[in-house]
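Peer 1: what's the 3D shape of this:
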Amino acid sequence: MTDQTAADSPPEGDDAPAAVAITGANRGVGLAAAQEVARAGHPIILLCRSERRGREAAETLAPAPGRRPHQVVAIDLAALSSVRRAAAAVADLGHPLAALVNNAAVLPSERTESRDGFELQLAVNHLAHFLLACLLFPLLVRRPGVARVISVSSGAHYGPAFDFDDSSYRRKPYDAREAYQQSKLANVLFANALASRTRAARASVQALALGPGVYDTELLQDYLAGGPAFGSPFPVARPETAGPIVADLAIGRPGEDLNGGYFDRGVRTAPSPAALNERDQERLWTWSASVTGAPDIPTSR
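Peer 2: Numbers count the residues shown, from 1 in each chain. Next up is the predicted model:
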């Protein structure tokens, strides 16, 4: 774990800007979001697989205010043990969180397993972020005012229901795009299930999912490598244009209840019918908690 040295400043109080944690913050949409949120005055916790790349990304951010500098925490989302270590490192910083942005994703062309034996897209895109959000939930609750958990999904989540019988493709033939669709659907199911829990507990945490649009990133190149994409041709934007969209949902819209929403490029819209299936939301939560060993999030105060 490393940090960016902050300039001398008066001691911070309870009203100091809370930190925003972002996975995959060293490139693409994650870096664009980190840069925008840092410009708004929040310290960033960059959760990156490569600590070196994380440090390089941190150097591009506007200086953090007060005495809460930007921090880099190494995390391998393909290993639940690494997620636990990273969450503990974030907790040791002692900062309340204004937001957690679950952004990082992978899209391998061939079936690959995580270190815990799950299909890699399911493991990285959903299970690791599920565990991370549950472990960091106490830091979100500590933030004065509303904190947010943003699951970066995709328009690709529109499609069939989640396959609970063979989610890791152990029996059926592996289809990279289908697995990606499933993992992005899991992001929205998770956001809705978390929103239900925070609403029932009257917790000051809002959970939402975002389809940021299509951007020229390494993930897009992996997606296109499989052949013509859904509805091609489609407009492709530079990742920097996603920064304001993510920042607006993470730290903007004061007083607005975003809980349980799905946002297509920042505009609230209806997700897929499969994502609205409350039974599947709870089924996915129960299964995810079981296989990751995630702590409970209380449903009442």
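
Peer 1: which strands and helices sit next to the host helix or strand of Ala200?
Peer 2: Using DSSP states H and E, Ala200 falls within helix 176-201. The contact analysis (3 or more Cβ pairs under 8 Å, 6 or more residues apart in numbering; DSSP states H and E) places helix 176-201 against helix 120-121, helix 128-142, strand 147-152, strand 205-211, helix 278-292. C-beta coordinates here come from the backbone N, C-alpha and C atoms, glycine included.

Peer 1: kindly recompute the last result at 10 Å.
Peer 2: Applying 3 or more Cβ pairs under 10 Å, 6 or more residues apart in numbering; DSSP states H and E, one finds that helix 176-201 contacts strand 97-102, helix 120-121, helix 128-142, strand 147-152, strand 205-211, helix 218-224, strand 262-264, helix 278-292.

Peer 1: for the last one, which outside residues touch it?
Peer 2: Going back to what we said before, that points to helix 278-292. 80, 83-84, 116-118, 122-123, 126-132, 134-135, 161-162, 164, 167, 185-186, 188-197, 274-275, 277, 294-297 (Cβ atoms under 10 Å, 6 or more residues apart in numbering).

Peer 1: list the buried residues of it.
Peer 2: Neighbour counts over helix 278-292 (16 or more other Cβ atoms under 10 Å) mark Asp280, Gln281, Leu284, Trp285, Ser288, Ala289, Val291, Thr292 as buried.

Peer 1: residues touching Arg197, list them.
Peer 2: Counted by Cβ under 10 Å, 6+ apart, Arg197 has contacts Phe137, Ala203, Val205, Ala207, Trp285, Asp296, Ile297, Pro298, Thr299, Ser300.

Peer 1: what's the answer for His157, then?
Peer 2: Listed by Cβ under 10 Å, 6+ apart, the contact set of His157 reads 180-189, 209, 211, 262, 271-272, 274-275.

Peer 1: now do the same for it: its pLDDT.
Peer 2: Model confidence at His157, given as pLDDT, is 95.

Peer 1: distance of it from Tyr180?
Peer 2: Per Cβ to Cβ, to the nearest Å, His157 is found 9 Å from Tyr180.

Peer 1: what angle sits between the helix holding Ala200 and strand 97-102?
Peer 2: Put simply, helix 176-201 runs at 150 degrees to strand 97-102, going by axes from the mean of the first three to the mean of the last three Cα atoms, to 10 degrees.

Peer 1: quick check: Val246 touching Gly28?
Peer 2: No: counting by Cβ atoms under 10 Å, Gly28 is not a contact partner of Val246; they are 11.2 Å apart.

Peer 1: which residues belonging to stretch 292-301 are considered buried?
Peer 2: Buried-residue list, stretch 292-301, by 16+ other Cβ under 10 Å: Thr292, Ala294, Ile297.

Peer 1: give me the mean pLDDT for that stretch.
Peer 2: Computed over stretch 292-301, the mean pLDDT rounds to 80.

Peer 1: export that stretch to PDB, keeping only CA atoms.
Peer 2: Extracted C-alpha coordinates of stretch 292-301, given in PDB (Å, rounded to 0.1, in the frame of the first residue of the first chain):
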ATOM      1  CA  THR A 292     -17.400 -16.100  -0.500                       C
ATOM      2  CA  GLY A 293     -18.000 -16.200   3.300                       C
ATOM      3  CA  ALA A 294     -19.100 -12.500   3.200                       C
ATOM      4  CA  PRO A 295     -20.300 -11.000   6.400                       C
ATOM      5  CA  ASP A 296     -24.000 -10.400   6.800                       C
ATOM      6  CA  ILE A 297     -25.500  -7.000   6.100                       C
ATOM      7  CA  PRO A 298     -28.300  -6.400   8.600                       C
ATOM      8  CA  THR A 299     -31.800  -5.900   7.200                       C
ATOM      9  CA  SER A 300     -33.000  -4.000  10.200                       C
ATOM     10  CA  ARG A 301     -31.500  -1.500  12.700                       C
END
